[in-house]
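Trainee: Return atomic coordinates for the entry below.
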Amino acid sequence: MRVETRTLYSSPNGDEWHLARDSDSGEVFIVHRPNAASGGKSPRIDVGSFLSLGGGRGPEHQELLRLIGTLVEE
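Mentor: Sure, this is the predicted structure:
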C-alpha cells in the first residue's frame with residue numbers, strides 16, 4: 001500500500017491535516033497528525049466525516065473546500 005499525501009493545513013499549535021490517497025485502492029481520506037504535546041495517533045478520517053466535524057468551519061475544513069473548489073474553476 002502506497003499513500004500519497006498533500007498538506008491541507010498546519011495549525012499554530014503544531015497539528016497538521018493532510019489529504020491522502022491510497023494509490024492501490026483509490027481511497028481518499030484525511031490524516032490528522034496531532035502535535036507532539038498531544039501524543040495522539042494519526043487517525044484516518046473519511047472526507048464526509050471530516051467535513052462534518054465541528055460543523056466544518058475550522059480552517060482545515062475551509063482549506064479542503066477551497067481545494068475542492070479549484071477542481072471546477074475555469
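
Trainee: just checking, next helix/strand downstream of the one helix or strand residue 50 maps to?
Mentor: Taking DSSP states H and E as the criterion, residue 50 maps to helix 47-52. Per DSSP H and E, helix 47-52 leads on to helix 59-69 as the next helix or strand towards the C-terminus.

Trainee: Would you indicate which residues of that following helix are buried?
Mentor: 60-61, 63-64 (16 or more other C-beta atoms under 10 Å). C-beta here means a position set from N, CA and C on the backbone, and glycine is covered the same way.

Trainee: what about it, average pLDDT?
Mentor: Averaged over helix 59-69, pLDDT sits at 92.

Trainee: got any ranges where the chain has weak pLDDT?
Mentor: By pLDDT under 70, the weakly predicted segments of the chain are 73-74.

Trainee: Who does residue 17 form a beta bridge with?
Mentor: residue 9, residue 32 (DSSP bridges).

Trainee: Enumerate every residue touching it.
Mentor: 7-10, 30-33, 60, 63-64 (C-beta atoms under 8 Å, 6 or more residues apart in numbering).

Trainee: do that again at 10 Å, thanks
Mentor: Counting by C-beta atoms under 10 Å, 6 or more residues apart in numbering, residue 17 makes contact with 7-11, 30-33, 45, 50, 58-61, 63-64.

Trainee: thinking again about what came up before, what does the helix holding residue 50 rub up against?
Mentor: For helix 47-52, the surrounding residues in contact (C-beta under 10 Å, 6+ apart) are 8, 17, 19, 27-32, 44-46, 56, 58, 60-61, 64-65, 68.

Trainee: about what we covered before: which of the contacts of residue 17 are buried?
Mentor: Those of the contacts of residue 17 that meet the buried threshold are 8-10, 30-33, 45, 50, 60-61, 63-64, by 16+ other C-beta under 10 Å.

Trainee: Which of those residues sits closest to residue 2?
Mentor: Using C-beta to C-beta, residue 31 comes nearest to residue 2 of the buried ones among the contacts of residue 17, at 14.0 Å.
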